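> Take this sequence and fold it.
(one chain, ligands or ions: 1)
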Amino acid sequence: PFNPMVTLNSAVSNIISCLIFGQRFEYHDECYQKILRLDTECIQLTGSPRAQLYNVCPWLLEYLPGPHQTIFSNYKQITDFLRGEIIKHKEVWDPLNPRDLIDNYLTEMEKKKSDPEAGFNIEGLVVTCLDLIEAGTETATTTLRWGLLFMIKFPEIQEKVQEEIDRVIGQSRQPCLADRVNMPYTEAVIHEIQRFGDVVPLGFPKKAVKDTTLRGYFIPKGTSITINLSSVLHDPNEWETPDTFNPGHFLTENGQFWKRDAFMPFSAGKRACLGEQLARQELFLYFTSLLQQFTISKCPGEEPSLEGEIWFTYAPAPYRMCLSSR
Ligand code: HEM
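Below is the predicted model:
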């Protein structure tokens, strides 16, 4: 019996690490594991009512103890780590052979060095890296954690996914992205994991930079705005059984994949998720690879809950599972 959280988080975060740092980190790298732990703690604490209170009266809480201080301290340690990685990159930086996002950003900084208004500077680079780590790790890890939990809870659905994997991919090779189009049931299950898991219920907060009128509603400059994605993903006018885990939401009568307009876990519009394509590829590859190799089940005597916890994301409560080799 084990909790899959740390392993999944390490695996998923390494995709972003390859983009940002041009390398993956070993799972036993203590320094990197610490960064992941600090980051998860931030996302967890951000959803707590006491941390939310800081948003209401920051001038008061700034000097008082509480979870917001842990969040600040964690971000300081994470950004120090990022600054260290950027310094290491600068030492061997070769603009003719860029390895990753940091190298390319350094090139852009060099090109724009006479134009401070362009906004390319070390602080910008640190925050860009942090943004990608935060936006791209926790979200995908939590979605996969929901996915494995649903497979424990609904073994008959797991069996149907495995039947499709065996038929389309087999056991002699790894899944690849080209398999997606031939696997409507698995695609439907992954979409339903995202809909039912509802990982980012309120999108990312935005702020109106000027007085705005939207469909008759006046939004004064400076107002924080969040989008209730959860209401769309559970809208009874859009979904046949909104409160049930039902891959049929994404299947036509003859078993073909059915794309639904109300499927919006990545939000919509200009500021929708930048990493949607990457995330969908990751979810497909991790999910099918795991179910190709293993059958997932609950641990004897344990009944994991379908009730989630409100972090910055909506995450499953910690659970343990068993894997048996197929
Ligand atoms: C299952 C995984 C993911 C989910 C459910 C998800 C969901 C979201 C949502 C709901 C937003 C907010 C959009 C809005 O408020 O309108 C967002 C923004 C964003 N996401 Fe993702 N995301 C996922 C994975 C990723 C990945 C892998 C990356 C990595 C590149 C990423 C990068 C971003 C960025 C940079 C933003 C901010 C975009 C902006 O403000 O312009 N996301 N994501």
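
> Name the residues of the stretch 51-200 of the chain found near the ligand, please.
Residues of the stretch 51-200 of the chain lying close to the ligand (CB under 6 Å from any ligand atom) are Asp131, Leu132, Ala135, Gly136, Thr139, Ala140, Thr143, Val199, Val200. (C-beta placed from N, C-alpha, C; glycine too.)

> Quick check: the residue of the stretch 1-150 of the chain nearest the ligand.
Gly136 (2.9 Å; CB to the nearest ligand atom).

> which ones are touching that residue?
Neighbouring residues of Gly136 by CB atoms under 8 Å, 6 or more residues apart in numbering: Val12, Ile15, Ile16, Gly275, Leu278, Ala279.

> Low-confidence stretches in the stretch 201-326 of the chain?
Across the stretch 201-326 of the chain, not a single residue meets the criterion (pLDDT under 70).

> Any figure for the gap between the nearest residue to Thr143 once chain neighbours are set aside and Ala178?
Distances taken as CB to CB, 6 or more residues apart in numbering place Val199 nearest to Thr143, at 5.3 Å, with adjacent residues excluded. Per CB to CB, to the nearest Å, Val199 is found 26 Å from Ala178.

> Same check on Ile225?
Taking CB to CB, one finds Ile225 at 40 Å from Ala178.

> More neighbours: which of these two?
Ile225 (12 against 7; other CB atoms under 10 Å).

> my read: the more buried one touches Gly203, true?
No: with contact defined as CB atoms under 8 Å, Ile225 does not reach Gly203; the gap is 9.0 Å.

> from the chain, which residue is nearest to the ligand?
Gly275 (2.2 Å).

> give me every residue that touches that residue.
Counted by CB under 8 Å, 6+ apart, Gly275 has contacts Leu132, Ala135, Gly136.

> List just the nearest of those to Thr295.
Each of the contacts of Gly275 was scored against Thr295 by CB to CB, and Gly136 proved nearest at 28.8 Å.

> ok so that closest one is a strand residue?
No: using DSSP: H, G, I helix; E, B strand; the rest coil, the assignment for Gly136 is helix, not a strand.

> The residue sitting nearest the centre point of the chain and Ala208, how far apart?
Ranked by distance to the mean C-alpha position of the chain (CA atoms, centre = their mean), the top residue is Thr139 at 1.6 Å. Distance of Thr139 to Ala208, computed by CB to CB: 25 Å.

> what do you get for Gly22?
Separation of Gly22 from Ala208 (CB to CB): 38 Å.

> repeat for Thr70
30 Å.

> One more: Pro300?
Counting by CB to CB, the gap from Pro300 to Ala208 is 53 Å.

> can you check Gln44 too?
Gln44 is 29 Å from Ala208, by CB to CB.

> same check, this time on Tyr286
For Tyr286, the distance to Ala208 - CB to CB - is 37 Å.

> Looking at those two, which one has more neighbours?
Higher neighbour count among Tyr286 and Ala208: Tyr286, with 22 against 14, using other CB under 10 Å.

> Tell me which other helices or strands the strand or helix carrying the more buried one touches.
Assigned by DSSP states H and E, Tyr286 belongs to helix 276-293. Contact partners of helix 276-293 among helices and strands, from 3 or more CB pairs under 8 Å, 6 or more residues apart in numbering; DSSP states H and E: helix 5-21, helix 122-153, helix 155-168, helix 184-197.

> just to revisit the earlier point, check the residue of the stretch 1-150 of the chain closest to the ligand and give its pLDDT.
With respect to pLDDT, Gly136 scores 92.

> for Asp29, same thing?
At Asp29, pLDDT is 95.

> what about it, neighbour count?
Neighbour count for Asp29, taken as other CB under 10 Å: 13.

> Against Ala140, how distant is it?
Asp29 is 20 Å from Ala140, by CB to CB.

> Hmm, Phe257 is touching Phe250, no?
Yes: counting by CB under 8 Å, Phe257 touches Phe250, with 6.2 Å between them.

> and for these two, which residues touch both?
Glu187, Ala188.

> who has more neighbours, those two?
Phe250 (22 against 16).

> re earlier: got JSON lines for the contacts of Gly275, with distance to Pro220 too?
Below are the contacts of Gly275 laid out as JSON lines (distance: CB to CB, whole Å):
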{"residue": "Leu132", "distance to Pro220": "31"}
{"residue": "Ala135", "distance to Pro220": "28"}
{"residue": "Gly136", "distance to Pro220": "33"}
